[in-house]
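1. Provide a 3D model corresponding to the input given below.
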Amino acid sequence: MFTMSLPWWEFVARGIAVYLFILLLLRIGGRKQVGQLSPFDFVLLLIISNSVQNSMNGGDNSLIGGMLIALSLVACNWFLGYFNLKNPSFSYFLEGKPEVFIHNGKLFEEVLTKENISHEELRAILRKNGVLHIEEVHYGVIESTGDISIIKKDKFKNPSTH
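-> Here you go, the predicted model:
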């Protein structure tokens, strides 16, 4: 239970390497947040976590080894979050930039395709924001966090009334 089959530093290195690899995969894969994941996305994350388990622990099942991996993952996450906060250019690389997908009622299909958003998902997003037709939208933006912001045209018609 307490005897490790690998040196301590290898657990740390393996955990950090797998963390960074999966972070890169998810960054390439799109920006959906956990609350926006489809069942397919969720199953993929579960399978990925299971598939990389042995690459992190190197076949070791010790309690200490598992704790070292967990500690290295949490520390790596904290350092990346801190570095991301202090370096805007790194933040752009890690999180991306907001993408406008609707401007003045015009839909940019290439952004939807790039962000892997179907027309049905788009219609649901518009309905949640009280919009029935794309023409009613001044701006539709996919934020770097994966959230979607919809700004209606009527907000801009007469700003003195607000």
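
2. Show me the domain layout of this structure.
-> Taking automatic domain parsing as the reference, the chain has its domains at 8-94, 99-161.

3. for Ile117, helix, strand, or coil?
-> coil (DSSP: H, G, I helix; E, B strand; the rest coil).

4. Quick one: neighbours of it, just the number.
-> Per other C-beta atoms under 10 Å, the neighbour tally for Ile117 reads 19. All C-beta atoms are positioned from the backbone trio N, CA, C, and that covers glycine.

5. Report the mean per-residue pLDDT for stretch 19-27.
-> Per-residue pLDDT over stretch 19-27 has a mean of 84.

6. Only alpha carbons, please: show it as CSV.
-> What follows is stretch 19-27, C-alpha atoms only, in CSV (Å, rounded to 0.1, in the frame of the first residue of the first chain):
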residue,chain,number,x,y,z
TYR,A,19,-2.4,16.9,-17.8
LEU,A,20,-0.8,19.1,-20.4
PHE,A,21,-1.5,16.6,-23.2
ILE,A,22,-5.2,16.4,-22.3
LEU,A,23,-5.4,20.1,-21.9
LEU,A,24,-4.0,20.5,-25.4
LEU,A,25,-6.4,17.9,-26.8
LEU,A,26,-9.4,19.7,-25.2
ARG,A,27,-8.2,23.1,-26.4
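
7. So which bits of that stretch are buried?
-> Tyr19 (16 or more other C-beta atoms under 10 Å).

8. next one: that stretch to chain centre, how far?
-> 10 Å (C-alpha atoms, centre = their mean, to the nearest Å).

9. before we move on, what about stretch 74-88?
-> On C-alpha atoms, centre = their mean, the centre of stretch 74-88 falls 15 Å from that of its chain.

10. Could you pull out the buried residues of that stretch?
-> Applying 16+ other C-beta under 10 Å to stretch 74-88 flags Cys76 as buried.
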